[in-house]
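> fold the following, please.
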Amino acid sequence: MSSNTIDTKNKLDAGLSFKVSLFREVIKKTKPHKHDQYFELIFLSQGEGFHCIESDKMMITTPDFYFLKPGQLHYWQFTSIPKGFVILFNNSEFDPVDEHLLLDLIRKLNDTTRLRIPDEQYPALLLEEIYKEFRLNRQYSKEIIHGLLKALFGKLLQISDDNTNIQTQPQSVFERFMELLIKECPRLHKVNEFADLLNTTPQNLNIVCKSKTGKTASQIITSQLLLEAKRYILHTDNTVNEIADILSFSDSSNFVKFFKKHENLTPIQFRDQHFQ
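Residues are numbered from 1 along each chain as shown. This is a model prediction of the structure:
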């Protein structure tokens with residue numbers, strides 16, 4: 001296959017119209033690919049890195065939910081071990097007459113690509129029950145699964161409505177800081193640089209971050225820098241010198257010291273650990 005070809009995957013085994021599995025708990029390089037005529041619902045309870053869907057690049061902030069439609073292109077760049085569930089189904093799974101209410105819920109979810117889930121609302125029990133019933137595959141398992149899916153989709157729509165109501169309110173300093181962090185890091189490393197862009201003081205930015213996350217602004221910036229560093233270490237063949245330059249460190253020795261301080265490994269050791 002040509003390296004310029006975009007792979008189209010079919011993870012539904014022959015004859016299946018529905019499948020649920022655990023998300024693979026590995027860090028690996030993934031290539032952009034599409035899915036063949038099925039929907040993929042991804043629930044992540046743990047993991048760090050990036051998820052790219054078409055031209056949108058999103059930082060993973062677990063718990064997260066992603067709803068991929070047939071033919072959508074995506075790929076992952078994980079920097080820590082992911083955990084969660086994957087649900088696959090195609091149109092033939094549901095009866096359009098008897099299950100029209102369930103199909104209505106799916107249609108309402110269809111506008112959603114990514115949904116950030118509050119910690120306390122992550123539907124772990126529903127997902128575990130769906131997974132358990134799929135593996136049991138007994139009489140009435142399909143009916144039980146479809147009932148659980150109806151509850152799951154309803155819960156996701158509730159969370160989506162709550163998020164929409166929140167988004168209609170003016171953005172807080174913290175929300176604007178997090179947006180800037182993704183946009184301006186790694187070009188900027190210092191709290192005062194972000195505070196200037198937000199028209200606030202470093203002291204106030206630290207207070208805001210502490211109240212929202214329990215972490216200082218500096219700790220949040222450090223986490224983002226480490227995330228960017230791991231992305232380049234794990235998903236490119238760039239040298240340490242090249243990565244240091246990309247991440248706006250003054251030289252490679254400062255980058256190595258920074259990385260080793262927080263990870264207890266050098267960048268090369270970290271790369272070797274994951275690709276032995």
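
> please count neighbours and contacts with C-alpha atoms only from this point.
Noted.

> any stretches of the stretch 1-150 of the chain with poor pLDDT?
Scanning the stretch 1-150 of the chain for pLDDT under 70 picks out 1-6.

> please enumerate the helices of it.
Per DSSP state H, counting those that start in this stretch, the stretch 1-150 of the chain has helices spanning 100-109, 124-136, 141-167. These are given in chain order.

> and the strands in the chain?
For the chain, the strands defined by DSSP state E occupy 7-9, 18-22, 33-35, 39-46, 49-53, 56-59, 64-68, 74-78, 83-89, 114-116.

> domain parsing for the chain?
Annotated domains of the chain cover 7-167, 173-274 [automatic domain parsing].

> include mean neighbour count and distance to residue 263 when you put the helices of the stretch 1-150 of the chain into a markdown table, please.
A markdown table is the format used below for these (neighbours: other C-alpha atoms under 10 Å; distance: least, C-alpha to C-alpha, whole Å):
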| stretch | mean neighbour count | distance to residue 263 |
| --- | --- | --- |
| helix 100-109 | 15 | 39 |
| helix 124-136 | 16 | 30 |
| helix 141-167 | 15 | 34 |
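
> so residue 88 sits against residue 36, correct?
No: using C-alpha atoms under 8 Å, residue 88 is not in contact with residue 36; the gap is 10.9 Å.

> hmm, back to that, quick one, which of the strands of the chain is nearest to residue 238?
strand 74-78 (15.2 Å; C-alpha to C-alpha).

> elements contacting that closest one?
Packing partners of strand 74-78 (3 or more C-alpha pairs under 8 Å, 6 or more residues apart in numbering; DSSP states H and E): strand 33-35, strand 49-53, helix 217-235.

> hey, least reliable of the ones you listed by pLDDT?
Mean pLDDT is lowest for strand 33-35 among those, at a mean of 86.

> follow-up on the earlier one: out of the helices of the stretch 1-150 of the chain, flag the one nearest residue 259.
Judged by C-alpha to C-alpha, the one of the helices of the stretch 1-150 of the chain that comes nearest to residue 259 is helix 124-136, at 33.6 Å.

> residues in contact with the closest one?
With C-alpha atoms under 8 Å, 6 or more residues apart in numbering as the test, helix 124-136 has contacts from 19, 20, 21, 85, 141, 142, 144, 145, 148, 149, 152.

> and stretch 107-118, by the same measure?
61-69, 153, 156-157, 159-160.

> which among those gets closest to residue 253?
Nearest member of the contacts of stretch 107-118 to residue 253, counting by C-alpha to C-alpha, is residue 61, at 29.9 Å.

> how about the contacts made by the closest one?
Applying C-alpha under 8 Å, 6+ apart, the residues near residue 61 are 47, 48, 116.

> at 10 Å instead, please
Residues near residue 61 by C-alpha atoms under 10 Å, 6 or more residues apart in numbering: 44, 45, 46, 47, 48, 49, 50, 115, 116, 117.

> repeat that for residue 245.
By C-alpha under 10 Å, 6+ apart, residue 245 lies in contact with 239, 251, 252, 255.

> returning to what we had before: any chance of the helices of the stretch 1-150 of the chain in TSV, plus distance to residue 187?
Shown next, in TSV, are those (distance: least, C-alpha to C-alpha, whole Å):
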stretch	distance to residue 187
helix 100-109	36
helix 124-136	37
helix 141-167	27
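
> looking at these, which is nearest to residue 215?
With C-alpha to C-alpha as the criterion, residue 215 lies closest to helix 141-167 of those, at 22.5 Å.

> angle of that closest one against helix 100-109?
40 degrees (axes from the mean of the first three to the mean of the last three C-alpha atoms, to 10 degrees).

> which elements pack onto helix 141-167?
Secondary-structure packing of helix 141-167 (3 or more C-alpha pairs under 10 Å, 6 or more residues apart in numbering; DSSP states H and E): helix 100-109, strand 114-116, helix 124-136.

> tell me which of these lies nearest to residue 247.
Per C-alpha to C-alpha, nearest to residue 247 of the helices and strands packed on helix 141-167: strand 114-116, 27.1 Å.
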